[in-house]
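In: Based on what follows, work out the 3D shape:
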Amino acid sequence: MGEVRKNWIVAEPDPRQCAELAHALSLPPLLARLLVLRGLAAPPSADIFLNAPLKELHDPFLMKGMKEAVGRVLQAIRNKEKILVFADYDVDGVAAASLMVHFFREIGVPLDYYIPRRLSEGYGLNEAAVHAVRDRGVTLLITADCGIGAVEEIKKARELGMDVIVTDHHQISGELPQAVAVLNPLREDCPYPYKFLCGTGIVYKFLMGLRAELRQSAHPAEMPNLKKHLDLVALATIADVVPLTGENHILARRGLEELANTSKPGLRALKSVAGLQEKKMDAYAVGFVLAPRLNAAGRLGEAEKSVALLVSENMAEALDIATQLDEENRERQRIQEEVLAEARQMIKKGVNLNTEQSIVLASENWHPGVIGIAASRILESHYRPTILIALADGKGRGSARSIDAFNIHEGLQECAHLLMQFGGHRMAAGLNIDPEKVGAFKSKFEEVVARRLKPEDMVPTLRADGEITLDELDGELLDRLEVLAPFGISNPRPVFVARGVRSKGAILRMGKNKEHLKFQVQNGRGRPMEAVGFYMEKLFRKADMENSSLDILFTPQMNEWNGKETIQLKMSDCRIHAD
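Out: Take a look at the predicted model:
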C-alpha cells in the first residue's frame, strides 16, 4: 500500500453553501461542510439524510412492472399455486430469499427457495435448475438478485409452463427477458426515482407493493410488519457495497437499528458466534464480520445453508448452523491467503508493472469461491483492473475488480467474443471462459484497458474532507460525525489531513508479517494520539522518524480497549518530510 505515491485532493466546498446550510438547520460548521461535500447542500435533502425517515421511501408502484408482478403473485395465492424464489448465492441473494420466506410465512402462503451451487452451477438461472424447479411443481418462479440476463433460461421456463417474475439490480447489457414482470430500476423505461437499490432492496419494495394490495382484502392487523425485516435489508445493502445514499441510506440506517435488536434466531446466533452480542451494529460489523460468514457457505459449499440460518425459528438449530458458517469462514480465509500468495508470486515473476496496465492471472490451484476477494486485495496493492481466473474441469471462472476510471463491465463487453458469459457492475464483474482462450483474452483485455486509461488514471487518488489540527479532535466531534452514518460507497467516513505532526515514542510493527504500524503523533505540545497504518510498513522503512514531520491523511475513530475509549487515527496515507 505504501509503495505507490498517491494524489491527495482536499475538498473545497462553496463556503456560502456551507454557511447557509449550517444556519438553516442549526448545524455545526464542520457537519454542514460534510453534507455539502456529499451533494446535500439543500436544507430539505440534508434534513432527510440526517433523520432518515421511513416515510420518505418511494412508492413501490413507481417501479416499472410492479403492478404486473404484484398482480401475478395475488393470482398465485388465490389459486394456491406453488411459488419459488430463485436467488443468488451471495449475501444479497440469500437475504432477499430469506426476506421473502419470512413475509410469505407470515401471510400463511408456502414459499420454496432455490440457491444455485457456485461451483457446479455458477451464477444465475441455468437450464438444469429450471427443469429441477419445474419438477417440484412450481408454476411461479421469482428471481432475486439475478435473472436480468437469463433470456434463454426464462424462455425455457415459459415453455415448461412456468411464469417468471424477475427482480434484479444488475446492469442490463442486452434484451430484457420475456417475463411476466421485470423489476429493475436500471431499465431505461423505468421511472423509479432511485436507481441503486440492491437485490434485497428491490425485493423489499416488491413486498411493500404486495402488502399494500393484500391490505385491500385482509384486515390490516393481519399484515406482516415489514419494518422488522429491515435487518435483512440493511445486511444486504451494506454487504453488496451499493451507494449508501438516498433510499439506501434510509434502509441501511433504520435496518441497523432493527439488526441491533433483532428477534430472528438466525441473526442472533450469527451475532453470537461472531462476538457481536454487545457490540454496536454499524456498517463495519455487517460488512466485515457478519457478511463474510454468510458468504462463506456460498463460496465453499451450499448457500442454502445461509438461508436456512436466516429463516430459522429455532435458536438451537440457528446456533448449530451459525457455528458451521463460522468454521467455513475460517477455512475460506485460509484458502484465500493461499490464492493471494500464489497470485502475488505470479505478478512478481510474470507481470511487468511498468508496461502492463491490467493484471489477468489464471491458475488450476485456485478455488473459484475466493478469487473475488483476492482480486480486490491485488487491486489495492497495484491499482489497475485485475482479473483472477480459477481453472478446473475444462472451465475458467473469473472475478474482475476495477479502479474508478475504468468501467470493467464495458471493458468485458469489448472482449465478449472471447468469453462464454459475463455480467456485473462498473467496478466488479464475473465471467466464464474457455481455458484455451485465456491467453487471447488477456491480450485483448490489456489492449482495451491501455486504450481507455491515461497514465494519470493509474495513480490512486485519496480525497479528504478538509484539513484539521489534532487539537480539534475530541469525543464530541466524533459523535457529531456519526450522525452521517452508516458509511460506505458515496457516503464514506469523513477523512481529514493533519499537517506537520510528529511521531512520539516507538513505532510498533504489527501483523503476521509486521506489515502494519502503530505509533503516537502530536501537534506541538498537544496531547498525543494513537495512529495506525495498515500495510504501511514500507513508508517508514528508511525514515528517520525523530527528525521528520509528517502529513497524515486519516479517519478519526473511537477505539475501545480494556473498557476505555480513546481517539485513534486510522491512516490512509502518510507523507514524511525531513527537517
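
In: Name the residues of the lowest-mean-pLDDT helix or strand in the chain that are buried.
Out: Ranked by mean pLDDT, DSSP states H and E, the weakest helix or strand in the chain is strand 421-424, scoring a mean of 84. Of the residues in strand 421-424, those buried under the neighbour-count criterion (16 or more other CB atoms under 10 Å) are 422-424. Just so you know, the C-beta spots here come from the backbone N, C-alpha and C atoms, and that holds for glycine as well.

In: Kindly report the same for stretch 34-47.
Out: 34-38, 40-41, 43, 46-47.

In: of all these, which comes closest to Asn354?
Out: Closest approach to Asn354 among these (CB to CB): Leu37, at 35.5 Å.

In: just to revisit the earlier point, the buried residues of strand 421-424 into JSON lines, with extra columns for distance to Gln336?
Out: Below are the buried residues of strand 421-424 laid out as JSON lines (distance: CB to CB, whole Å):
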{"residue": "Phe422", "distance to Gln336": "23"}
{"residue": "Gly423", "distance to Gln336": "23"}
{"residue": "Gly424", "distance to Gln336": "20"}
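
In: of those residues, closest to Lys227?
Out: Gly424 (31.6 Å).

In: now the closest one, which residues is it bridged with?
Out: In this structure, Gly424 bridges to Ala429 when assessed by DSSP bridges.

In: quick one: it and His409 touch, right?
Out: Yes - taking contacts as CB atoms under 8 Å, Gly424 lies within contact range of His409: 5.5 Å.

In: joint contacts of these two?
Out: Gln171 (CB atoms under 8 Å, 6 or more residues apart in numbering).

In: sorry, back to before: looking at the buried residues of strand 421-424, which is nearest Met63?
Out: Gly423 (21.1 Å).

In: my guess is the closest one contacts Gly122, does it?
Out: No - counting by CB under 8 Å, Gly423 does not reach Gly122; the two are 10.7 Å apart.

In: so where is this protein shaky, pLDDT-wise?
Out: Residue ranges of the chain with pLDDT under 70: 1-4, 218-221, 539-547, 578-579.

In: which residue is nearest the centroid of it?
Out: Centroid-nearest residue in the chain, with CA atoms, centre = their mean: Val241, separated by 2.1 Å.

In: Check the buried residues of stretch 34-47 and tell me the two furthest apart.
Out: Taking CB to CB, no two of those sit farther apart than Leu37 and Asp47, at 16.7 Å.

In: Contact partners for the nearest residue to Asn523 once chain neighbours are set aside?
Out: Among residues not flanking Asn523 along the chain, Leu470 sits closest, at 4.5 Å (CB to CB, 6 or more residues apart in numbering). Leu470 sits next to 498, 501, 521-523, 526-527, 529 when contact means CB under 8 Å, 6+ apart.

In: Let me know the closest of those to Gln324.
Out: Met529 (41.4 Å).

In: Dig out what that closest one forms beta bridges with.
Out: Val521.

In: Return the distance of it relative to Leu470.
Out: Noted for Met529: a distance of 6 Å to Leu470, by CB to CB, to the nearest Å.

In: Identify the contacts common to these two.
Out: By CB under 8 Å, 6+ apart, the residues touching both Met529 and Leu470 are 521-522.

In: residues contacting Glu467?
Out: 10, 496-499.

In: go with 7 Å
Out: 10, 496-497, 499 (CB atoms under 7 Å, 6 or more residues apart in numbering).

In: domains of this structure?
Out: With domains defined by automatic domain parsing, the chain comprises 56-327, 351-458, 462-578.

In: any idea how far Leu379 is from Pro191?
Out: For Pro191, the distance to Leu379 - CB to CB - is 35 Å.

In: could you point out which element follows the longest helix along the chain?
Out: The longest helix of the chain (DSSP state H) is helix 315-350. Once the chain leaves helix 315-350, the next helix or strand it forms, by DSSP states H and E, is strand 359-363.

In: which of the residues in that next one are buried?
Out: Result for strand 359-363 [16+ other CB under 10 Å]: buried residues 359-362.

In: Closest to Val85 out of the residues you listed?
Out: Once CB to CB is applied, the member of those that ends up nearest Val85 is Ala362, at 34.1 Å.

In: Leaving aside the residues adjacent along the chain, what's closest to the closest one?
Out: Ile389 (3.9 Å).

In: What is the neighbour count of that neighbour?
Out: Neighbourhood size, Ile389 [other CB atoms under 10 Å]: 25.

In: picking up where we left off before, just among the contacts of Glu467, which is most surrounded?
Out: In terms of neighbours by other CB under 10 Å, those top out with Phe496 at 21 neighbours.

In: Could you find the closest non-adjacent residue to that one?
Out: Nearest non-adjacent residue to Phe496 (CB to CB, 6+ apart): Ile468, at 4.4 Å.

In: cool, Val91 as well?
Out: In space, and not counting its chain neighbours, Val91 is closest to Ala239: 3.9 Å by CB to CB, 6+ apart.

In: wait, isn't the one you found in contact with Ala291?
Out: Yes - using CB atoms under 7 Å, Ala239 makes contact with Ala291 at a distance of 3.8 Å.

In: Quick check: neighbours shared by these two?
Out: Val91.

In: Restricted to helices, list the buried residues of stretch 34-47.
Out: In helices, judged by DSSP H, the following of these are found: 34-37, 43, 46-47.

In: in the sheet, who's paired with Arg509?
Out: Beta-bridge partners, per DSSP bridges, of Arg509: Leu517.

In: All the strands of the stretch 51-200 of the chain, residue numbers only.
Out: Assigned by DSSP state E, counting those that start in this stretch, the stretch 51-200 of the chain shows strands spanning 83-87, 112-114, 140-144, 163-167, 181-183.

In: Buried by neighbour count: which residues of the first one qualify?
Out: Residues of strand 83-87 classed as buried: 83-87 (neighbour count, 16+ other CB under 10 Å).

In: what sits against Arg499?
Out: Here Arg499 is in contact with 467, 551 (CB under 7 Å, 6+ apart).

In: where's it relative to Phe554, distance?
Out: Distance from Arg499 to Phe554, by CB to CB: 12 Å.

In: cool, Arg397 as well?
Out: Taking CB to CB, one finds Arg397 at 38 Å from Phe554.

In: who has more neighbours, the two?
Out: A direct count of neighbours by other CB under 10 Å for Arg397 and Phe554 places Phe554 higher, at 27 against 24.

In: Let me know the helix or strand that that one is in.
Out: Residue-wise, Phe554 maps onto strand 548-561 under DSSP H and E.

In: next structured bit after that strand?
Out: Per DSSP H and E, the helix or strand that comes after strand 548-561 is strand 564-578.

In: what angle sits between that next one and strand 548-561?
Out: On the basis of axes from the mean of the first three to the mean of the last three CA atoms, to 10 degrees, strand 564-578 is oriented at 160 degrees to strand 548-561.

In: Mind giving me the packing neighbours of strand 564-578?
Out: strand 529-533, strand 548-561 (3 or more CB pairs under 7 Å, 6 or more residues apart in numbering; DSSP states H and E).

In: and among those strands, the most buried is which?
Out: strand 529-533 (a mean of 21; mean count of other CB atoms under 10 Å).

In: Contacts only, for Val459.
Out: 6-7.

In: measure it to Lys6 for me?
Out: 7 Å.

In: any chance you could map the strands in the stretch 351-500 of the chain?
Out: 359-363, 386-392, 395-401, 421-424, 428-433, 461-464, 466-467, 496-510.

In: Ile378 contacts Ala343, correct?
Out: Yes - using CB under 7 Å, Ile378 makes contact with Ala343 at a distance of 5.8 Å.

In: For Pro486, give me its contacts.
Out: 238, 244, 252-253, 256, 282-283.

In: now, which of the residues you listed sits nearest Val483?
Out: Distances from Val483 to the contacts of Pro486, taken by CB to CB, are shortest for Arg253, at 10.0 Å.
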